[in-house]
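Participant: Generate coordinates for the sequence data below:
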Amino acid sequence: MQRILIVNVNWRGDVLFSIPFIRNLRDNFPESYIASLIPKRCSEILQDCPYLNEIIYFNERTTHRGLWKKIKFIVELRKKRFDMAILLHRSLSRTMICYLAGIKQRIGYYSRKRGWLLTKAISPLPKDSLHRIDYHLGILKGMGLKVSSGSYEFFLNDDQRGSLAEKLKGLGLRLTEQLVVLHPGANEPIRRWPVESFARLAEKISAEFGLKVVISGSQADIPIGRRIVELSSVQLINLCGKTSLKELAALFEKALFVVGGDTGPIHIAAAVGVPVICLFGTASVKITRPMGKGRSIILHKDIGCAIPCLRIDCADNRCMKAIGVDEVFQAVGRVVNEGK
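Facilitator: As a prediction, the model looks like this:
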């Protein structure tokens, strides 16, 4: 049996974008043993993935930081006897690890630094001209393999849904009650819509449609969620920091729709099939637009800045502030009316 290792990318949203690649690889190698190498922080994205036999964790900046820890990891990887490594990650160090682990076939996009370590170097596609999903699938095409659907998925089970249901009951939310989710967080402040705008939007949704509004987010988003609750004149349910990623996906699955920026959880919402209203600022719609089962409405204002914009130190966040509350509320109205 052929043993294949996928050396995956580093961030949750990007790992989600790799799922069509994993699915298509499985379609081409239905009897092979396929594993994916990812950081531990991305574990929930690939848990329960039916296309993988194994998930291997590699954390270059924490668990495996330093030469000796990397050597120990290489020794353990060598024991797994992989025949082929396909590198979605363009890192020189990860390519070197595959080489030192004795993986004979090493396939990925060519770069000047690591090209000599690849046994099949594929001419790179222009990274900022097509969706990340298609960029990953380009490797399979370069290998001469068959490629089909490019939509991503997220994998839930009934235990995770039940865990979320218990938490909602504890907050006094009836499971039959219709709810919507606002997800205000993002890794960088420049990707966030203003908290004042989220508070006003929550008020308009509650007043016009009588829907229960839930604020979702990670531990890091707790201050953001708290501030939205303080600014809003309607009662909100603040779940920031209170759910795992799987429970968050179960929450999205229950929602009528989800509103948020271009961030991993919004793509998870699209993956589980809920309509999403995605607010784009610095990111390119062409490169990272939602590609799940759920319908997506994308709102983006051209304010004259280059896109994608890499200015994480931007002082005024003009691109996100340019998206008005009324504009987002109009999109909400379209989703609600179409769902009736």
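
Participant: Now the helix-or-strand element of the chain with minimal mean pLDDT: buried residues?
Facilitator: None of the helices or strands of the chain scores lower by mean pLDDT, DSSP states H and E than helix 318-321, at a mean of 84. By neighbour count with 16 or more other C-beta atoms under 10 Å, helix 318-321 contains the buried residues 319-320. Glycine gets a C-beta too; all of them are placed from N, C-alpha and C.

Participant: again, but for stretch 208-218
Facilitator: 211-218.

Participant: try stretch 144-161
Facilitator: 147, 150, 152-156, 160-161.

Participant: Same check on stretch 286-300?
Facilitator: By 16+ other C-beta under 10 Å, the buried positions in stretch 286-300 come out as 287-292, 294-297, 299-300.

Participant: likewise stretch 233-243?
Facilitator: 236-240, 242-243.

Participant: cool, and stretch 272-283?
Facilitator: 272, 274-283.

Participant: where are the low-confidence patches of this protein?
Facilitator: 175-176, 306, 309-312, 315, 339-340 (pLDDT under 70).

Participant: all strands for it, in order.
Facilitator: Secondary structure of the chain (DSSP state E): strands at 3-7, 33-38, 54-57, 84-87, 105-109, 120-122, 179-183, 212-215, 237-238, 258-261, 276-280, 296-300.

Participant: how about the ones you listed in JSON lines, adding distance to Val229?
Facilitator: Output for the strands of the chain, formatted as JSON lines (distance: least, C-beta to C-beta, whole Å):
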{"stretch": "strand 3-7", "distance to Val229": "41"}
{"stretch": "strand 33-38", "distance to Val229": "34"}
{"stretch": "strand 54-57", "distance to Val229": "36"}
{"stretch": "strand 84-87", "distance to Val229": "44"}
{"stretch": "strand 105-109", "distance to Val229": "45"}
{"stretch": "strand 120-122", "distance to Val229": "49"}
{"stretch": "strand 179-183", "distance to Val229": "11"}
{"stretch": "strand 212-215", "distance to Val229": "7"}
{"stretch": "strand 237-238", "distance to Val229": "5"}
{"stretch": "strand 258-261", "distance to Val229": "16"}
{"stretch": "strand 276-280", "distance to Val229": "20"}
{"stretch": "strand 296-300", "distance to Val229": "24"}
